[in-house]
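[1] pasting a predicted model and its sequence here:
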Amino acid sequence: MKKILILALVVLVLAGIAFAMMSRGEPREWTTSSDAARAEFERGLEALMKFYYGEAAKHFEAAIDLDSGFAAPKVMLLYTGWAHGEQRQRFVDELRGQDLARLTDRERFLVEFTLAKADQNPKRTDELIQTYLAGSPNDPFGLMTCSTEAWEMRDWARAEQHYRKLIETDPNWVNAQNRLGYIAMAQGKFKEAEEAFLKYHYIAPDQANPHDSMGELMTLLGRYPEAKTAFEKALELKPDFCLAYYHLVDMYTMSGEFAPVWPVLETAREHCSPDFVDALACETALWLDFHQRAFDDAFGEERADCRRLALKRSPFILHLLAIEAGHFDVATETETALRTHLKEYADDALEPNIDGTKGMLLHMEGARLAAQGDLEEAQGRLLKADDYLLYWGNGQGILKLYNLLNLAALMRRTGDDRAADAIYEKVHSVNAHFAEMVTGDGSTDHMAASR
Amino acid sequence: MELKARTVLRLLGLLAFLLAGLSIADMFRSRPYDGVVLEADAPGRLIVRTVVPAGGAARAGIRAGEQIIGIDRNVLRTSGEAAALLNRHQIGATIPYLVRGKDGLREVPVRLGPRRIGSVHYLYACLLGFAFFFVGLFVLERQPRRRPAQVFFILSTLFLIFLVCRLRPASYSQVDAFILSTGMAAFLFLPASFLHFFLIFPRPVRFRPEPGDGGYLGKRAVWLTTLGTIYLLPLVVLASTWVIARRQGAEVDLISGAPIQNWWLLAAYMALALATLAYKSRRLSNPRERRGAAIVLFGSLFGLVPFLVSAVAFPSYLHTEKPLYGVGPLILVPLTFAYAIVRFQLLEIRVILRKSLLYTLTTIVVTALYAIGIAVFNAMTRGTSLAASPFFPIVFALVIVLLFEPLRKWLQTVVNRRFFAERQRLEQALEEMGDALTAQVDLPAVVHDLVANLPQLLGLHFAALYLVRNDCLERVAGPPALPERLPLLPEMHDTMARRRGLTVLDELEPMAADSEELGQLIDKLSAAGAQVIGDLTTPRRRIGLVALSGKVDQTMPLDPSELALLRRLLDQAAVALETSMLFEERTEQAELERELEIAASVQARLLPANLDFGPGWNVAAVCRPARHIGGDFFTELPGPSNGSRAVVYGDVAGKSVSGALVMMAAHEVLHSLALTHRDPEQLLNLANRRLYGLGSRKSFVALAYLTSSPNGDGLLYSLAGQPQPLMRKHTGEVWELELPPNRIPLGALDNGSYFLTHAPMECGDLVVGYSDGVIDARSPTGESFGIERLCGVVAESDSSPSVAVERILASLDEFTQGTEPYDDVTLVAVECDREAVP
């Protein structure tokens, strides 16, 4: 009996110690002597999570003002790209001089990683990520950094893996939900994408971004009313969400509704830069010309400025019009411009759309070659374009669908009806409206004509 | 070691009870609740098992089978997070939920209400769990040393934890997760303990070693290894199932926390256990044990099989809120076990049911039945013309009253037959035995009935009977292993008297410290197998002692009800024994009296009817023994001279038979010596020597020799111990004759000499010789007759010897007034009647 009592006493003491240890409180996450600075920083993180970069930057700057030695906000400002020029260099220098020993493991990692990025040392960044995750495999910042790296490197599989791990650790990390949604969408897993965006929306209903993301998905899937609702909601929440205007206009264009576009553009003009709105208006006008088959108008003098803008910002519609109108020189010019652009940004790790641009170029070439009668080459280009193109929202995604429809038309022309039908079905299953709209009565013969 | 095991078991039981209690108490805690009961078998996911009707989730349209993805703008990982989120809000708050249904994700607002305590089904599961636990606890407390009782307690505790903790409606709190995990852990060990129990109940299987078996250590190692395997196998199955599923990337389908493989193992264990029980039940020799085991088999079979079938074959039932289909019949297991204990003394546990309690219960049952019947009848007849009749209530009430009592009595008869049949049979049998004993007067028959029948009735090894004889207790019946004699110990009998005559030997142990004799008595009886001793005493005397062994088929001593019945029987037996003994004594006495009568008649015939003292003398003599036969005598011998006669009268020391025997010896000695030795002095000397040589120095003879003098002028006499005769002259004076020089009674000393003394007598003189019985005769007040009174009577009496003798006898009778004579009385009167001489 005595032994049992002693054993029970020991268990109680151990339990008490464990309880005391557990009640000690959370370990410090961020090294700063100022509670106010910490609060600002955490507000900044919250805004960053919502993709409100401007707001986030303000908070980070406020935190640095309150504690100039606070390393974490400097890291975040550099990460978001908000700090540039002199300020950027200053932060980098200050971080280099930081006493890493007084920082937490996480802070140390973030500082070293940022410096390695600044030095453009991918080997070092990789090494840092591996080492940090080996010791803290579930740290959300480590996982976020790793996922972002992978995202930027267009290593979708690795990005997906780490984003998934991140949401296992913290399912409320909306950035990860959003990115996973896009990755799923890009892979054609539309239900998964919709779920991810729904979760994103659920966690942060006051954010505009989830609505915009959902809108892109709905546009891709041809669910235009839902897309409209989503974009309008995004703009309601954030009237200066210019990208949402773009997507909304794009949706109208894809759906063939042009009348509502102009009021949208008017509203956009109140919140977005004139260049942006002008470019959007031009693109819309050109698309309207395409729908109305007013090729003369499209290539008329009135549209000259638009065409110049389109060459830079929306080469696809210009190319499309050129092909339809038989202006192969314009088409070629557009391709050349795009090719130049590609060369310029080929090594830019921060340009995630490189593959999409490549795909677009290949599609253009293929479309032109098809129109010029070189069906074999055209088919090869279109096939290759499909490899590069992803279902990435209502831009690249729609382009992928259109590319596939062109490919189907080509195959039909070469007598491969079976393959053509299969491709058509595939597009139809994604966006039936688009497939029918593009092919008219369901056939793909309209691509047969060459000018 | 045993004490440690019991302590550990009790601690385990206490922990389990506390856990079950806390689990139930936790459900009473007021906290905001959404009305969702989670699926316990979907770890890591919040799957809705059911929604509480009219709860927040039900009103929001959440349905069973849907998954809760997020609560309050947080996507969830665990149910614990959900609990923390809900606890941030008040009852009445509406918070958004993200739910995945068949059509995908949707957001719904859910209003939080107060936590509702679990359903009727869970309440039933709790009651069942506690029923198991308390039956197991009762068994352990009654038989703490027996392994089957210990294992049964463990089994019951595991059932408690499984039913209360595992079947608890799951919700979000971490308390739930902990409790459900505990329930699942209990489930893993449940089948093993079930199998273990039936391997050793009601008798252990053959390969379970007993201390004393050949190769015990080796066999024990095998047994323990087998048990270890039985207990560890479910864990191994569980672990391997998880590992394989992990490797294959598949999910493990759970039923109440365990994979289907464990349920199949449970089914296999239970089938094996029940088969073992069925096999052993058929081979039990004791019918009571056989019936008890059969009842347990029945309950286990019909209680567990539906549960297993519903869990294994129709697992969806356990996922619903209606597990009664599977869990319901489990109640049979504790019920049948409890019934088997009460009815058939399972595990040698005696439960003495109060008849009054059971009768009260039957009355309650009957009343409840009637209440239900009335309600049903009222419902059926509502609105009919029958119900509208004014006589209906009266008739109905009369019917109830008339049927109530017979139904209640019938139920009580059933209760008696079920629960008290054995006791009634025993009561009746003991009553009959008691009647038979009291009707019996033959002592051997009483002894036989008591000693032979009692063990049969009570299932004892033996009964033994000791009777009080010769200041000790002598064994008159019983096994030879018991001591032949036991001392009479007043303290032991006093103790037994305080305990109303019946005592368990163990209870006398404390007294043995103060009394070595008692300690030895207890040790001897215990060594021979006795456990209970009973005092046989009547108000008049202590008759003896009964020693009873333990029961043949049980290790428990006699229970209190049996002891109470035995007490009554022993009282009757004591009376019967006393009666028989008295009867025997009376018979012996009657025989003795008859023999004494025969001896008296023989003795009387020895006394001459007529005495002859020679011519000129008259003589009369009488000898009246104090008892049937006595030591006094008179006889006629040849006188010293030819033709003379002598009268001798003697008084033997001692009375009754012993006196008579010496008297007859003396009579024969005198007669045989007188044939060859007529000289009185010589005769007496030789007689003295002869009688001295006969034996006991207590047996001597006071003698008086009377003869006439050769010339007829007087009396010659010699006295050997007799008082001096009285002379009554014809003138009326009375005096004592002179004492001769030697008066030692015959046989008292080896050498004695006896002399004749002359007493002159004239005509009409009377000499009266007497034994000391005459003067020692007592009145009722204790006064002696005395020599003076005798002299007075002699003085007043006639000279006729016979008249004088009669006169003296009459006077004695008047004096003693019928008081029991103290001594034999002998009178010899001799009268000188010279005128009669020719």
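    Right, received. Where do you want to start?

[2] which non-adjacent residue is nearest A:K228?
    Counting by CB to CB, 6 or more residues apart in numbering or on different chains, A:M251 is the residue found nearest to A:K228 once chain neighbours are left out, at 6.6 Å. All C-beta spots, glycine's among them, are computed from the backbone N, C-alpha and C.

[3] contacting residues for the one you found?
    Neighbouring residues of A:M251 by CB atoms under 8 Å, 6 or more residues apart in numbering or on different chains: A:215, A:218-219, A:224, A:227-228, A:231, A:394.

[4] and A:L389, by the same measure?
    For A:L389, the contact set (CB under 8 Å, 6+ apart) comprises A:355-356, A:359-360, A:363, A:396, A:399-400, A:403.

[5] in ChimeraX, select just the buried ones from those residues.
    Buried residues among those (16 or more other CB atoms under 10 Å in any protein chain shown), as a ChimeraX selection:
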select /A:355,356,359,360,363,396,399,400,403
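
[6] any idea which of the contacts of A:L389 is the one closest to B:K409?
    A:K400 (91.7 Å; CB to CB).

[7] which bits of the stretch 151-300 of chain A sit near chain B?
    Contact residues, the stretch 151-300 of chain A versus chain B (CB under 8 Å from any CB of the partner chain): A:167-168, A:171-172, A:177, A:191, A:194-195, A:198-199, A:201-205.

[8] what two of these are the furthest from one another?
    Greatest spacing in those, by CB to CB: A:E168 and A:P205 (22.8 Å).

[9] pLDDT score assigned to the residue nearest to B:H677 when sequence neighbours are not counted?
    Take B:H677 and drop its neighbours on the chain: the residue closest to it by CB to CB, 6+ apart is B:L683, 4.8 Å away. At B:L683, the model reports a pLDDT of 90.

[10] B:L683 is in contact with B:A674, isn't it?
    Yes. B:L683 is within contact range of B:A674, at 6.0 Å (criterion: CB atoms under 8 Å).

[11] looking at the two, which is more packed in?
    B:L683 (24 against 21; other CB atoms under 10 Å in any protein chain shown).

[12] tell me the residue of the stretch 251-400 of chain B that sits nearest chain A?
    In the stretch 251-400 of chain B, the residue that lies nearest chain A is B:E251 (16.2 Å; CB to the nearest CB).

[13] neighbours of that residue, just the number please.
    12.

[14] am I right that it sits in a strand?
    No. If the criterion is DSSP: H, G, I helix; E, B strand; the rest coil, then B:E251 is coil and not within a strand.

[15] next one: the spatially closest residue to it that is not a sequence neighbour from B:P259, what distance?
    Closest residue to B:E251 in three dimensions, ignoring its sequence neighbours and counting by CB to CB, 6+ apart: B:A245, at 6.7 Å. B:A245 sits 8 Å away from B:P259, going by CB to CB, to the nearest Å.

[16] between these two, who's got more neighbours?
    Between B:A245 and B:P259, counted using other CB under 10 Å, the more crowded position is B:P259 (20 against 14).

[17] can you check the pLDDT for the more buried one?
    B:P259 carries a pLDDT value of 83.

[18] I figured it hits B:A239, correct?
    No. In this structure, B:P259 is not within contact of B:A239 by CB under 8 Å, at 10.5 Å.

[19] what's around the residue of chain A found nearest chain B, how many residues?
    Using CB to the nearest CB, the closest approach of chain A to chain B is made by A:P171 at 3.7 Å. The number of residues packed near A:P171 is 19, by other CB under 10 Å.

[20] wait, what's in contact with the residue nearest to it when sequence neighbours are not counted?
    With CB to CB, 6+ apart as the measure, B:V75 is the residue that lies nearest to A:P171, at 3.7 Å, once sequence neighbours are left out. Neighbouring residues of B:V75 by CB under 8 Å, 6+ apart: A:167, A:171-172, A:177, A:199, A:202-203, B:69, B:98.

[21] farthest-separated two in the contacts of A:M251?
    A:K228 and A:N394 (12.0 Å).

[22] between the two, which is the more surrounded one?
    A direct count of neighbours by other CB under 10 Å for A:K228 and A:N394 places A:N394 higher, at 25 against 19.

[23] and the nearest residue to that one once chain neighbours are set aside, what's its pLDDT?
    The shortest distance from A:N394 to any non-neighbouring residue, by CB to CB, 6+ apart, is to A:T219 (3.7 Å). A:T219 is assigned a predicted lDDT (pLDDT) of 94.

[24] and the contacts of the helix or strand hosting A:T219?
    A:T219 belongs to helix A:209-220 when assigned by DSSP states H and E. By CB under 8 Å, 6+ apart, the residues outside helix A:209-220 that reach it are A:50-51, A:174, A:178, A:181-182, A:185, A:190, A:193-194, A:197-198, A:200-201, A:204, A:224, A:226-228, A:230-231, A:233-234, A:237, A:241, A:243-244, A:247-248, A:250-251, A:254, A:391, A:393-394, A:397-398, A:401, A:430-431.

[25] stretch B:777-786 too?
    Residues beyond stretch B:777-786 that count as contacts (CB under 8 Å, 6+ apart) turn out to be B:774-776, B:812, B:815-817, B:819, B:821-823, B:825.

[26] before we move on, back to that, what subset of the residues of the stretch 151-300 of chain A next to chain B is buried?
    If we count by 16+ other CB under 10 Å, those have these buried: A:167, A:171-172, A:177, A:194-195, A:198-199, A:201-204.

[27] longest helix of chain B?
    Using DSSP state H, we find that the single longest helix of chain B is helix B:560-606.

[28] circling back: mutual contacts of B:A245 and B:P259, please.
    With CB under 8 Å, 6+ apart, B:A245 and B:P259 have common neighbours B:V252.

[29] in chain A, what helix or strand scores lowest on average pLDDT?
    Every helix and strand of chain A was ranked by mean pLDDT, DSSP states H and E. The lowest is helix A:2-22, at a mean of 67.

[30] alpha carbons of stretch A:138-150, in CSV - could you do that?
    Taking C-alpha atoms only, stretch A:138-150 is exported to CSV below (Å, rounded to 0.1, in the frame of the first residue of the first chain):
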residue,chain,number,x,y,z
ASN,A,138,6.0,22.5,-38.8
ASP,A,139,6.9,26.1,-38.6
PRO,A,140,4.4,28.0,-40.8
PHE,A,141,6.9,30.7,-41.8
GLY,A,142,9.4,28.1,-42.8
LEU,A,143,6.8,26.2,-44.8
MET,A,144,5.5,29.5,-46.3
THR,A,145,9.0,30.5,-47.4
CYS,A,146,9.7,27.1,-48.9
SER,A,147,6.3,27.0,-50.7
THR,A,148,6.8,30.5,-52.0
GLU,A,149,10.2,29.6,-53.3
ALA,A,150,8.7,26.6,-55.1
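
[31] many thanks, we can stop here.
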